[in-house]
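Peer 1: With the input below, show me the fold.
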Amino acid sequence: MERRRLGRTDIVASVLGFGGAEIGYQRVSGRTVERLLGSALDAGLNIIDTAECYDDSETLIGRAVGARRREFYLFTKCGHARGWDRADWRPAPLLASVERSLKRLATDYLDLIQLHSCSLAELRRGDVIAALEQARERGWTRYIGYSGDGDGARFAIECGRFDTLQTSISVADQEALELTLPLARAHEMGVIAKRPLANVAWRYARKPTESYYQTYWSRLRALDYDFLKSAADTAVATALRFTLSAPGVHTAIVGTTRPERWQENAALLQAGPLPQSEFERIRARWRELADASWEGQV
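Peer 2: Predicted coordinates for the structure are as follows:
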């Protein structure tokens with residue numbers, strides 16, 4: 001699997017990374033997670049990204065691949081320890097969250113700790129960034145990053161204190177390609193694409209009942225890309241290759257509960273980046289139809 005250096009860090013990341021939300025929220029068994037992550041590592045993937053708020057995701061990961069810790073880079077996020085709707089940005093709870101993550105992930109250090117969609121106002125106050133810098137000083141993490149979109153992501157780049165940015169980039173979420181990616185490249189920041197497959201929202205014939213899929217579903221209905229009418233693998237491959245062809249993107253985080261998915265995704269990427277003409281057609285369609293409300297999805 002292709003690897004790219006994550007900005008100015010010393011992390012040489014596989015272009016696909018594992019996202020730990022699904023295994024936590026869908027309560028996947030420990031045995032399945034062992035197979036899932038084992039097959040991912042065997043396929044050449046070397047990035048595992050999770051968060052404390054993803055239910056028991058961290059614990060499952062620590063138990064499944066703690067013994068293979070030297071084979072991958074470990075990323076997690078903090079700020080929502082008590083659940084997604086109960087953020088706590090005070091320095092002491094943030095540091096406590098990082099310490100808990102270390103225990104749950106069965107490791108004595110993280111490669112990256114990220115603020116999890118912290119607001120622009122909190123970022124400007126600076127205490128949250130200082131807390132992550134303190135975690136780095138204590139040896140709990142090698143690098144610090146910001147996970148989010150919009151003006152918060154732009155500030156995180158401009159302030160010069162973060163090593164990486166994790167942000168939404170997909171065929172249904174292209175704001176970052178103009179708002180933040182050029183700036184991140186200029187600052188030599190590592191860029192991690194989240195939701196690179198737009199939650200595969202195109203698979204639904206009718207508007208989904210779950211809000212997680214609705215925004216992207218509505219956008220994709222309007223965009224009406226021809227390639228989404230192709231076979232399932234072709235649609236997935238094109239969407240994923242689009243994200244990884246965006247200038248400045250180093251790795252894309254994909255979640256799944258299917259152990260066989262990693263070999264399938266790796267095979268889909270063997271064709272390499274999208275031809276520039278196809279990439280530009282997707283961009284042109286976005287520019288034609290997107291309006292100011294089509295912001296990056298947190």
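
Peer 1: immediately after the helix or strand containing Glu178, which helix or strand?
Peer 2: Taking DSSP states H and E as the definition, Glu178 sits inside helix 176-179. Going down the chain from helix 176-179, the next helix or strand is helix 181-186, by DSSP H and E.

Peer 1: Contacts made by the next helix or strand after that next one with the rest, please.
Peer 2: For helix 181-186, the succeeding helix or strand toward the C-terminus, using DSSP H and E, is strand 190-194. With contact meaning C-beta atoms under 8 Å, 6 or more residues apart in numbering, strand 190-194 is reached by 6-9, 11, 13, 17, 19, 49, 75, 143, 145, 147, 163-170, 181, 184-185, 243-244, 246, 248-253. For the C-beta atoms, the positions are set from N, CA and C on the backbone; glycine is no exception.

Peer 1: Can you read off the pLDDT for the residue nearest the centre of the chain?
Peer 2: Geometric centre of the chain, nearest residue: Lys194, 3.0 Å, by C-alpha atoms, centre = their mean. Per-residue pLDDT puts Lys194 at 97.

Peer 1: likewise Thr9?
Peer 2: Thr9 is assigned a pLDDT of 98 by the prediction.

Peer 1: Please settle this for me: is it part of a strand?
Peer 2: No. Thr9 sits outside any strand when classified using DSSP: H, G, I helix; E, B strand; the rest coil, being coil.

Peer 1: Would you confirm that it contacts Asp163?
Peer 2: Yes. Between Thr9 and Asp163 a contact is recorded at 5.5 Å, counting by C-beta atoms under 8 Å.

Peer 1: wait, what's in contact with Gly62?
Peer 2: With contacts defined as C-beta under 8 Å, 6+ apart, the neighbours of Gly62 are 104-107.

Peer 1: how close does it sit to Val200?
Peer 2: Distance, Gly62 to Val200, using C-beta to C-beta, to the nearest Å: 28 Å.

Peer 1: what's the least confident helix or strand in the chain by mean pLDDT packed up against?
Peer 2: Using mean pLDDT, DSSP states H and E, the weakest-scoring helix or strand in the chain turns out to be helix 261-268, at a mean of 84. On a contact count with 3 or more C-beta pairs under 8 Å, 6 or more residues apart in numbering; DSSP states H and E, helix 261-268 meets strand 16-19, helix 30-42, helix 232-245.

Peer 1: list the buried ones in it?
Peer 2: For helix 261-268, burial by neighbour count (16 or more other C-beta atoms under 10 Å) applies to 261-262, 265-266, 268.

Peer 1: Count residues in the vicinity of the closest residue to Arg161 other than its chain neighbours, would you?
Peer 2: Excluding its sequence neighbours, the residue lying closest to Arg161 (C-beta to C-beta, 6 or more residues apart in numbering) is Ile129, at 5.2 Å. Neighbouring residues of Ile129 were enumerated by other C-beta atoms under 10 Å; the total is 21.
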